[in-house]
Each structure stands twice: as structure tokens, then as C-alpha cells.
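K.L.:
Quick one: sequence and predicted model below, then my questions.
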Amino acid sequence: MRAWIVFLVAGLGTYLLRASFILAGTAVTLPTWIERALRYVGPAVFAAIVAPPVLGDGGIAAAPDRVPEIVAVLAASLVAWRTGRVIWVLVVGMVALWVLRALGL
Amino acid sequence: MTFSWNREASRDAIRGLIPLTPPVPLFGLVFGLAVAESDVVGPVAGWASSFLIFGGASQLAGVVVLDAGSSVVVAIGTILVINARHLMYSAALRSRFRDTPRWFRVLGPYTLVDQLFAITEPRPDDDPLDYKLSHYLTGGLYWVLWWVVAVAVGVVVGLTLGDVIPESWSLEFSVPLLFLGLLVNAVRDRPGLLAASVSAVVAVLAIDLQPPGVGLLVAAVAGLAAGSALGAVGGDDAGTNDDAGTGTGDGSGPGGGVDEPAAEEC
């Protein structure tokens, strides 16, 4: 029962977060500086999702233990930048990770 | 208000989403296992969260905190903080959808997940209305169906077979890789690159911030500030002398070759 209440209320809240500005449409005018910042929502949000799991819970201090992950992400970044194809980013990143792990890095 | 379906737009949406789909079944299995092992969240409620909330990371966090004995309020708060980034997506897409019919502006946001934002945001604001609606609705329907089915399968597999993914495969690594692909496609100019770099660094530094999801918001806001600061001082590759902050957000890349018509200055 607790779970149902949580999912229903959080589901409604999540919808409201997503609907907010789209639903408001022309009824709201945003200041120019916010409109300008919104150009960078994609880069800013996606980067904040990518970076932490590469280093893991240990953050920067854990970097020496995460060489395979870091190198795999760099390799995948190169592929992403050259091709823009997400599927190859996934393939190259995962294979690089497995190979580097197998090499004992 | 009616609109006629634009098949080309539907095709574009599906083509854009297919490469983003491989991690979905995997995440369905991960989430399904968490539900199967939960003492608080039953299988039906866990599955229902896929369409009540429709946001994988937040659903998983919700199950985890409920299992840890958190109160209803804390669990709701955790989910909403993780999904707060969607508020930014909504703001960023406002100009694209401002002239769409009200039924669409009510219905459409339900499916505004990361992947749908990633394929929608780069589209030019002056797409025809039919294209906008067909593109977005097809993408949303495609993603909802995948996720609802993936979670159903994940819960059933979790209940019957248990943990089927060997940990040594590190398949969870596909999540940052997926977002890396989205990221590279989202960076269109130098301010965008700066926004991403600052956000990544802050996200790593803020890794211990509680509750989960707050670090992401702090990082994203820092990235937005850095990107728009560089954009304002003329780091924009567009190289226009005039203030470009008219909110048109045409979404053309530096190599897009779109000449800015003088008529656009109002």
C-alpha cells in the first residue's frame, strides 16, 4: 500500500515537472538570460549523468582504481565525437571495458 | 484542432530512438530484480510504477529507499528530486511546443524522458505543426511501450530466475555510455562544450551530496551558468555581432550551414 501511494503521488509530481513549461506555453515569458541558458540544458544535464558512474562512489580519489572505466569512456567519447552514433558508443565502450579488465588493468 | 499524421516524422523519431533502445531491456531486468527482492514493493505495484512514474532511475531509487524503511514522504521526495531535471527539459522545449494545441501540451509531457528530449531538442523550432506532433507522439509511444514491457519482463524474470546478469559483465556501464552518446550529439558549440565540462566536474565533486539527484541538479545549473556566460561574451560559434538571445533556439549546429536571415531581428 505504501508503495502504491508513493508511485501515484510521485508519478503525478513527475508529470507536473515535465508539463510545467510546455503546458504554460505562451502564458509565461522567461527572462532572456534564462532563455539563453536553456540552450545548454542537453549538454549540462547529460554530462552530469555521464561523469559520476565512471569514477564510481569514490569520486576523484577512486580514479586510480577506475582505469578501465576511464579509458573505455575516453575511447567511446572519440567514437561518439567522430560518428555521432550512439550504438557504436555503446559497443566500443563495453568492449573496451571488457578488454581492459581482461588485461588486468 | 486536428492534425494529419506525418509519416516521415514518425520514421525520424523511431530512427532516432532505436539506437538508444539496447539498454532498455537491461534496465528493465535490473529494476525487475529490485522489485522481486523487495519486501515493501509488490510485483504489480513495481510494474505499475513504469507507467505511473515512467522514469527508470527514479523508480529504482524509490524501491531502494522504500526497502531501506524510508517514510512515504522521503520516498516521494527522492523520486521527485531525481526527476527534477525534467523541469529543465520542459523549459527548453517550451518554445518548440508553444503553438501546439492544448491537448498535446497536456498529453505530451507525460512521456518527456531523457531520450525523447535528446531526439526532440535538436529539431528546429519552425518544423511544421504536423511534423512536431507526429514526431513527438510517435517517439513517446515507442518509449512507453518499450519500458512498460521491459519492466514486466524484468519483474517476471526477477521473480522466477533471480539475478540473470553476471556482475562481471558490468552491463550497468551501458547507462553512462548511452548518455555519453546523447551528450556528444547535444553539444553543438563551444559554450555547449563548456557547459558539459563544468557540469561533469561539478557532478563528480558533488557525488556525496544527499539526497541522490541533488548533485546532478547542482552540476547542471553550474553547467548552464558556464555555458550561457561564454555564450554571452561571444564564444558562440555563430559569430553574430548582435545579441543572439532572442530565444529562437534554432538548434542548428556549428556546421549546420544555416544562414541567419536578417529578417529574424525583430
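P.N.:
That came in fine, so what should we check first?

K.L.:
Is A:Gly104 in a helix, a strand, or coil?
P.N.:
What DSSP: H, G, I helix; E, B strand; the rest coil gives for A:Gly104 is coil.

K.L.:
okay, it: pLDDT?
P.N.:
As predicted, A:Gly104 sits at a pLDDT of 82.

K.L.:
Could you report the neighbour count for it?
P.N.:
The number of residues packed near A:Gly104 is 6, by other C-beta atoms under 10 Å in any protein chain shown. (Each C-beta comes from the backbone N, C-alpha and C, glycine too.)

K.L.:
for it, what are its contacts?
P.N.:
By C-beta atoms under 8 Å, 6 or more residues apart in numbering or on different chains, the contact set of A:Gly104 is empty.

K.L.:
where exactly do the helices run in chain A?
P.N.:
Here chain A has its helices, by DSSP state H, at A:2-24, A:32-38, A:41-55, A:67-83, A:86-102.

K.L.:
out of those, nearest to B:Gly62?
P.N.:
Taking C-beta to C-beta, helix A:2-24 is the member of those nearest to B:Gly62, at 6.0 Å.

K.L.:
Packing partners of the closest one?
P.N.:
In terms of contacts (3 or more C-beta pairs under 8 Å, 6 or more residues apart in numbering or on different chains; DSSP states H and E), helix A:2-24 is packed against helix B:43-52, helix B:56-67, helix B:72-82, helix B:85-97, helix B:102-107.

K.L.:
Dump the ones you listed into CSV; add mean neighbour count, distance to chain A and mean pLDDT as well.
P.N.:
Shown next, in CSV, are those (neighbours: other C-beta atoms under 10 Å in any protein chain shown; distance: least, C-beta to the nearest C-beta, whole Å; pLDDT from 0 to 100):
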stretch, mean neighbour count, distance to chain A, mean pLDDT
helix B:43-52, 20, 4, 97
helix B:56-67, 22, 6, 94
helix B:72-82, 20, 4, 94
helix B:85-97, 23, 4, 96
helix B:102-107, 14, 5, 96
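
K.L.:
Take those and lay them out in CSV including distance to B:Val144.
P.N.:
Below are the helices and strands packed on helix A:2-24 laid out as CSV (distance: least, C-beta to C-beta, whole Å):
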stretch, distance to B:Val144
helix B:43-52, 7
helix B:56-67, 12
helix B:72-82, 18
helix B:85-97, 15
helix B:102-107, 12
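
K.L.:
Which among the ones you listed is found nearest to B:Glu167?
P.N.:
helix B:56-67 (16.4 Å).

K.L.:
And B:Gly162, its phi and psi?
P.N.:
phi 80, psi -140 (degrees, to the nearest 10).

K.L.:
burial count for it?
P.N.:
10.

K.L.:
Tell me if I'm right that it and B:Leu33 touch.
P.N.:
Yes. Counting by C-beta atoms under 8 Å, B:Leu33 is a contact partner of B:Gly162 at 7.2 Å.

K.L.:
And the pLDDT for A:Thr29?
P.N.:
Value for A:Thr29, per-residue pLDDT: 89.

K.L.:
Now it. Its backbone dihedrals?
P.N.:
Dihedral angles (degrees, to the nearest 10) for A:Thr29: phi -120, psi 130.

K.L.:
what's the next secondary structure element after the longest helix seen in chain B?
P.N.:
In chain B, assigned by DSSP H, the helix with the most residues is helix B:129-160. The helix or strand immediately downstream of helix B:129-160 is helix B:174-186, counting by DSSP states H and E.

K.L.:
next structured bit after that following helix?
P.N.:
That would be, after helix B:174-186 and using DSSP H and E, helix B:190-205.

K.L.:
For A:Arg18, give me its contacts.
P.N.:
Counted by C-beta under 8 Å, 6+ apart, A:Arg18 has contacts B:83, B:86-87, B:89-90, B:109-110, B:112.

K.L.:
Go again with 10 Å.
P.N.:
B:54-55, B:83, B:86-87, B:89-90, B:93, B:108-113, B:116-117 (C-beta atoms under 10 Å, 6 or more residues apart in numbering or on different chains).

K.L.:
and what of B:Ala152?
P.N.:
Contacts of B:Ala152 by C-beta under 10 Å, 6+ apart are B:28, B:32, B:43, B:46-47, B:50.

K.L.:
most tightly surrounded among the helices of chain A?
P.N.:
helix A:41-55 (a mean of 27; mean count of other C-beta atoms under 10 Å in any protein chain shown).

K.L.:
touching chain B at all, it?
P.N.:
Yes. Contact between helix A:41-55 and chain B, assessed by C-beta under 10 Å from any C-beta of the partner chain, occurs at A:41-55.

K.L.:
can you give me the angle that helix makes with helix B:190-205?
P.N.:
40 degrees (axes from the mean of the first three to the mean of the last three C-alpha atoms, to 10 degrees).

K.L.:
Point out the other helices and strands that helix A:41-55 packs with.
P.N.:
Judged by 3 or more C-beta pairs under 10 Å, 6 or more residues apart in numbering or on different chains; DSSP states H and E, helix A:41-55 is in contact with helix A:67-83, helix B:85-97, helix B:114-120, helix B:174-186, helix B:190-205, helix B:214-232.

K.L.:
who's in contact with the residue nearest the centre of chain A?
P.N.:
The residue lying closest to the centre of chain A (C-alpha atoms, centre = their mean) is A:Ile49, at 2.8 Å. By C-beta under 10 Å, 6+ apart, the residues touching A:Ile49 are B:57, B:85, B:114, B:175-176, B:178-180, B:182-183, B:199-200, B:203, B:216, B:219-220.

K.L.:
B:Val72: which of those is nearest?
P.N.:
B:Ala57 (19.7 Å).

K.L.:
Give me the phi and psi for B:Glu37.
P.N.:
phi -90, psi 0.
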